[in-house]
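> Structure for this input, please:
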Amino acid sequence: MEGFTLYSFKSVEKLIALRKGEVKFGEKVQFLDDLGTLATSNAKYVLFGIPEDIGVRANYGKDGASKAWEATLAALLNIQANLYTRPENLILLGEISCEGLMQKASNLDSQDPNYHIKMGELVSHLDDIVSLVVQKIIAAGKVPIIIGGGHNNAYGNIRGAFNALEKPINVLNIDAHTDLRTTDYRHSGNGFSFARKDKILGKYRVFGVHQNYTPQYIFDEMKKSANDSFRLFEHLILMSSEKIKKAFLEELEMVSHDEFGLELDCDAIKDFSSSAQSPTGLPINMVRNFIWLASEEEKIKYLHICEASADSTNAVQVGKSISYLITDFITAESYG
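The predicted structure follows:
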């Protein structure tokens, strides 16, 4: 498929640090020879990456999200393969081929008055590829796990799910931001605005919104909407852990009666290296619990983890953190 790089074991073999007497996760995950054979695999989950930060930069954010996929692979492939991690239930599909788009973005003049509009055009091209991959996975009866990249890719996820299901999909978004900014051009802050505009988004719930970084017009629009709602992080921190969990379950209940996707923007996690890193936020162990709870729902159609930012100083920790979230998602049902 044009715009997508399909992985084989040979593609990732060099990333796996073998150790005598042990079996690593990367040795047991499944691979495909062709996207058309998705439905023939007995694995439930399909993992792919989007190594880009074009949407983040188009939204005035810092770069680094393009490195999160590489960091995730290095960590995930080297965890232990055992009866709890269940690598056989995961297809490692590959990655969106972002090199060309990233190069085009780098070649743009940031001083050009139309710089952000031109960046948005690249994001729109990326939307087309992401949506097609997600559509193929869901249509094959599998659950995609998408590792970004920026939160601009939420639009591609939603559109792909819409095309596969032939109806709008609900979304629960764990995020410090609503990503409902204006639709003047595409970027990481308006994926849900465009999805709402195109009538492909059903109910939309945002959990953990930071009041300090949300414009008033977005609060006004959400409060007028019958389908959109939010929980402020500032209200959640007044609650006990059990009450926060209860609040999350209430939001999950609102979306899970029908097909839904789970979005996790790493900006929501306290001190997590991300495009808009924050000193305050949800603890990662609490977020892990949320992932478990959502993964147990029968109608969940995808998981998207985005906006993590990796560099040479933190790639190991970023990769480990995302790997925990992935294995939580694919193994929770085995503990049920």
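
> Now the element after the strand ranked longest in the chain, going C-ward?
Longest strand in the chain by number of residues (criterion: DSSP state E): strand 201-209. Helices and strands here follow DSSP states H and E; after strand 201-209, the next one along the chain is helix 216-224.

> Return the set of buried residues in the longest strand of the chain.
Of the residues in strand 201-209, L201, G202, K203, Y204, R205, V206, F207, G208, V209 count as buried by neighbour count, 16 or more other C-beta atoms under 10 Å. The way it works is simple: take the backbone N, C-alpha and C, and place the C-beta from them, glycine included.

> Enumerate every residue touching the first one.
Right, the one you point to is L201. I158, P168, I169, N170, V171, F192, A195, N227 (C-beta atoms under 8 Å, 6 or more residues apart in numbering).

> Show me which of these is closest to I79.
I79 lies nearest to V171 out of the contacts of L201, by C-beta to C-beta, at 28.5 Å.

> ok but that closest one is inside a strand, no?
Yes - counting by DSSP: H, G, I helix; E, B strand; the rest coil, V171 is found in a strand.

> Tell me, what's the model's pLDDT at it?
Reading off the confidence values, V171 has pLDDT 98.

> Give me the distance between L201 and K62.
27 Å (C-beta to C-beta, to the nearest Å).

> before we move on, what about A17?
30 Å.

> re the thing from before, in PyMOL, how would I select just the buried ones from the contacts of L201?
To isolate the buried subset of the contacts of L201 in PyMOL, counting by 16+ other C-beta under 10 Å, use the following:
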select buried, resi 158+168+169+170+171+192+195
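
> The stretch 1-150 of the chain: strands as residue ranges?
4-6, 45-49, 90-96, 143-147 (DSSP state E, counting those that start in this stretch).

> Serialize these to CSV and add fields for mean neighbour count and distance to V316.
Converted to CSV, the strands of the stretch 1-150 of the chain look like this (neighbours: other C-beta atoms under 10 Å; distance: least, C-beta to C-beta, whole Å):
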stretch, mean neighbour count, distance to V316
strand 4-6, 16, 24
strand 45-49, 25, 17
strand 90-96, 25, 20
strand 143-147, 25, 16
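
> Between these, which one is closest to Y213.
Among the strands of the stretch 1-150 of the chain, strand 143-147 comes nearest to Y213, with 23.7 Å by C-beta to C-beta.
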